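>>> sequence-free structure coming up:
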């Protein structure tokens, strides 16, 4: 019986991910975004505001209607900005791929990473 080297398999998986269309598209979209400094700054500002609003919500603080409206307008602007929208889509697609891989591995080794509902919650 040959010895299985999990680390070799992990490196092969990493190379497969790097060769995947999801990763290649992400890298291209990220390079385009980095080439447009103002677009990159817009995305950073959006994420900062998103984080602030989420933090407020988690702390139970009320979010003012004007804050929500500003954030919604910024979201619409980013969605219509070709370079930023392409980056966000590529980022989402890559994240989904990585999440699927994590789930496959967790299921294969019978480890619940909070991906499945607890049996008690189903009752």
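Great, that's in hand. Keep in mind that what you see is a predicted model, and the values were worked out from it rather than measured. Residues are numbered from 1 along each chain as shown.

>>> what comes up buried for the longest helix anywhere in the chain?
Criterion DSSP state H: the longest helix present in the chain is helix 82-108. Within helix 82-108, the residues scored as buried using 16 or more other Cβ atoms under 10 Å are 83, 84, 86, 87, 88, 90, 91, 93, 94, 97. (C-beta placed from N, C-alpha, C; glycine too.)

>>> likewise stretch 69-81?
Per 16+ other Cβ under 10 Å, stretch 69-81 contains these buried residues: 71, 78, 81.

>>> could you give the mean pLDDT of it?
The average pLDDT for stretch 69-81 rounds to 93.

>>> Check the offset of that stretch from the chain's centre.
18 Å (Cα atoms, centre = their mean, to the nearest Å).

>>> Using JSON lines, lay out the buried residues of stretch 69-81 together with distance to residue 42.
Shown next, in JSON lines, are those (distance: Cβ to Cβ, whole Å):
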{"residue": "71", "distance to residue 42": "13"}
{"residue": "78", "distance to residue 42": "7"}
{"residue": "81", "distance to residue 42": "7"}
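
>>> just curious, which of the buried residues of helix 82-108 is nearest to residue 110?
Distance to residue 110, by Cβ to Cβ, is smallest for residue 97 among the buried residues of helix 82-108, at 22.3 Å.

>>> Spit out the contact partners of the closest residue to the closest one other than its chain neighbours.
Nearest non-adjacent residue to residue 97, counting by Cβ to Cβ, 6 or more residues apart in numbering: residue 22, 4.6 Å away. By Cβ atoms under 8 Å, 6 or more residues apart in numbering, the contact set of residue 22 is 90, 93, 94, 96, 97.
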